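>>> pasting the structure only:
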């Protein structure tokens with residue numbers, strides 16, 4: 001872990017990178033604006049690890065952020081390790097799903113986070129020293145955003161990638177982040193109207209109420225998510241533990257969507 005002061009001391013070092021990794025969520029977006037406005041002397045790069053299965057609202061939000069920042073967000077993907085190119089409509093998730101034998105990711109086997117988010121970021125950094133600015137807020141203490149060691153989450157455990165937590169240093173909480181986004185004119189991503197967090201449209205951390213909302217807002221994506229639920233070696237894999245999306249679709253109950261503080265999540269994808 002590093003501090004902003006330590007990062008500032010390396011401002012003119014050509015071998016050091018300063019990176020904000022974006023998820024399409026409010027916290028990393030607010031951090032990008034915060035770093036631009038408060039530390040203009042740092043040559044901050046903005047990157048987004050594109051899984052190829054993001055919500056359309058996420059891409060729209062990133063485009064609006066680029067307009068506010070006045071610079072492009074670098075898109076990274078997970079094709080490189082497979083020595084493949086992005087062609088047509090194929091996406092990185094589908095290619096890696098084949099590598100994993102059709103086994104869908106789950107809270108117990110989060111291969112998607114490793115190969116679609118962390119590894120592309122680490123390849124981009126390479127052997128350089130990099131200060132990785134992470135949007136953990138001062139008031140955050142939820143279990144889903146903590147590692148087993150109870151330390152704040154990082155995008156990588158490589159020693160050359162140093163996590164920095166500007167919001168914690170500046171004692172900025174949720175209200176500060178919301179105010180920053182509002183005053184910037186960017187506001188919140190539109191998916192917050194029906195979903196609690198950023199991430200892939202079929203994220204297994206989605207709540208039942210969010211799956212129902214996905215069907216209402218993006219019925220085509222809901223149908224695609226259903227198609228992933230197929231048997232592998234005689235075992236049925238589903239996004240929601242214990243039931244298929246087809247079963248959930250027939251459920252007459254309307255499920256609530258809890259606040260992200262009250263449910264599990266993935267820090268890498270949901271910041």
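Good, I have the coordinates. Given the structure is predicted, the values throughout are model-derived calculations rather than measurements.
>>> where does the protein have low pLDDT?
87, 141-152, 271 (pLDDT under 70).
>>> List of residues touching stretch 101-121?
The contact list for stretch 101-121 (C-beta atoms under 8 Å, 6 or more residues apart in numbering) reads 21, 47, 49, 51, 76-78, 80-81, 92-93, 96-97, 100, 155-156, 200, 204-205, 228-230, 232-233, 237-239, 241, 264, 266, 268-269. All C-beta spots, glycine's among them, are computed from the backbone N, C-alpha and C.
>>> Just the buried positions in it, please.
104-105, 110, 112-113, 115-121 (16 or more other C-beta atoms under 10 Å).
>>> okay, those residues in TSV with secondary structure and distance to residue 127 next?
Listed next are the buried residues of stretch 101-121 as TSV, based on DSSP: H, G, I helix; E, B strand; the rest coil; distance: C-beta to C-beta, whole Å:
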residue	secondary structure	distance to residue 127
104	coil	34
105	coil	29
110	coil	26
112	helix	26
113	helix	23
115	helix	20
116	helix	22
117	helix	20
118	helix	16
119	helix	15
120	helix	16
121	helix	14
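>>> and the contacts of stretch 101-121, which are buried?
Buried subset of these (neighbour count, 16+ other C-beta under 10 Å): 21, 47, 49, 51, 76-78, 92-93, 96-97, 155-156, 200, 204-205, 228-229, 237-239, 266, 268-269.
>>> Mind checking which of the residues you listed are in helices?
The members of the buried ones among the contacts of stretch 101-121 that map onto helices under DSSP state H are 92-93, 96-97, 268-269.
>>> can you give me the helices in the protein?
Using DSSP H, helices in the chain cover 4-8, 26-38, 56-69, 92-99, 111-113, 119-125, 166-169, 174-184, 208-217, 219-227, 245-250, 267-270.
>>> Take those and write them to JSON lines, including distance to residue 16.
Formatted as JSON lines, the helices of the chain follow (distance: least, C-beta to C-beta, whole Å):
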{"stretch": "helix 4-8", "distance to residue 16": "8"}
{"stretch": "helix 26-38", "distance to residue 16": "15"}
{"stretch": "helix 56-69", "distance to residue 16": "21"}
{"stretch": "helix 92-99", "distance to residue 16": "28"}
{"stretch": "helix 111-113", "distance to residue 16": "26"}
{"stretch": "helix 119-125", "distance to residue 16": "11"}
{"stretch": "helix 166-169", "distance to residue 16": "17"}
{"stretch": "helix 174-184", "distance to residue 16": "26"}
{"stretch": "helix 208-217", "distance to residue 16": "39"}
{"stretch": "helix 219-227", "distance to residue 16": "40"}
{"stretch": "helix 245-250", "distance to residue 16": "46"}
{"stretch": "helix 267-270", "distance to residue 16": "22"}
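>>> closest one to residue 196 among those?
For residue 196, the closest of those is helix 208-217, at 6.7 Å, according to C-beta to C-beta.
>>> contact partners of the closest one?
194-196, 201, 206, 221-222, 225, 239-240, 245, 248-249, 251, 254-258.
>>> OK, contacts around residue 39?
Contacts of residue 39 (C-beta under 8 Å, 6+ apart): 4, 8.
>>> 10 Å instead, please
Neighbouring residues of residue 39 by C-beta atoms under 10 Å, 6 or more residues apart in numbering: 4, 7-8, 11, 18, 133, 166.
>>> which among these end up buried?
Buried members of the contacts of residue 39, scored by 16+ other C-beta under 10 Å, are 4, 7, 18, 133, 166.
>>> which of those lies closest to residue 25?
Distances from residue 25 to those, taken by C-beta to C-beta, are shortest for residue 133, at 14.3 Å.
>>> List the contacts of the closest one.
By C-beta under 10 Å, 6+ apart, the contact list for residue 133 reads 2, 4, 7, 18-21, 28, 31-32, 34-35, 39, 42, 44, 46, 155, 162-167.
>>> And the contacts of residue 39, which two are furthest apart?
The distance between the two most remote of the contacts of residue 39 (C-beta to C-beta) is 15.0 Å, for 11 and 166.
>>> pretty sure residue 266 contacts residue 206?
No - distance between residue 266 and residue 206: 11.3 Å, which falls outside the contact criterion (C-beta atoms under 10 Å).
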